[in-house]
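Engineer: please find the sequence and the predicted model below.
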Amino acid sequence: MLTKEQINKIKKELPDEKDRMPIILGALGDPGRFRIFKLLSEHHDICVTDVSNIFDITVSAASQQLRVLEMLELVEKMRMGQMVCYELKKDNPTVKQLIQFIKVGRINN
């Protein structure tokens, strides 16, 4: 059983409520969003229609999944005429960590 001091130490080490990682991991827990994130980690400037065609989903569904990743600041949107394309925010430390995690996971599979 933990002592009161050990419990207090653990409490202090816990991430605060502002830690967004559980929200991000929850979003990437969706297989579709995870696959899109993984695709974007391997390819640059992927358009919504490309995502739709690659995963055989509607453009609306692809757009919705990408919008969630954008709200979490994992991807950025670029307009190219009438096309909307996305790429990972490679300067985001969380994105870098997630890409590394995916690469390590690939080695162990």
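Structural biologist: Arrived safely, thanks for sending. Numbers count the residues shown, from 1 in each chain.

Engineer: from here on, just use CA atoms for contacts and neighbour counts.
Structural biologist: Fine.

Engineer: any stretches of this structure with poor pLDDT?
Structural biologist: Low-confidence regions of the chain, defined by pLDDT under 70, span residues 15-18, 105-109.

Engineer: can you map out the strands along the protein?
Structural biologist: Secondary structure of the chain, counting by DSSP state E: strands at 46-47, 75-80, 83-88.

Engineer: the shortest one pairs with which strands, and in what direction?
Structural biologist: Put plainly, it is strand 46-47. Take DSSP bridges as the rule and strand 46-47 pairs in its sheet with strand 83-88 (antiparallel).

Engineer: rewinding a little: turn the strands of the chain into a markdown table, including mean neighbour count.
Structural biologist: Listed next are the strands of the chain as a markdown table, based on neighbours: other CA atoms under 10 Å:
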| stretch | mean neighbour count |
| --- | --- |
| strand 46-47 | 20 |
| strand 75-80 | 15 |
| strand 83-88 | 19 |
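
Engineer: could those go into CSV alongside distance to residue 1?
Structural biologist: As requested, the strands of the chain are exported to CSV (distance: least, CA to CA, whole Å):
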stretch, distance to residue 1
strand 46-47, 52
strand 75-80, 44
strand 83-88, 44
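
Engineer: quick one, which of these is nearest to residue 58?
Structural biologist: Between residue 58 and the strands of the chain, the shortest gap by CA to CA is with strand 46-47, which sits at 12.9 Å.
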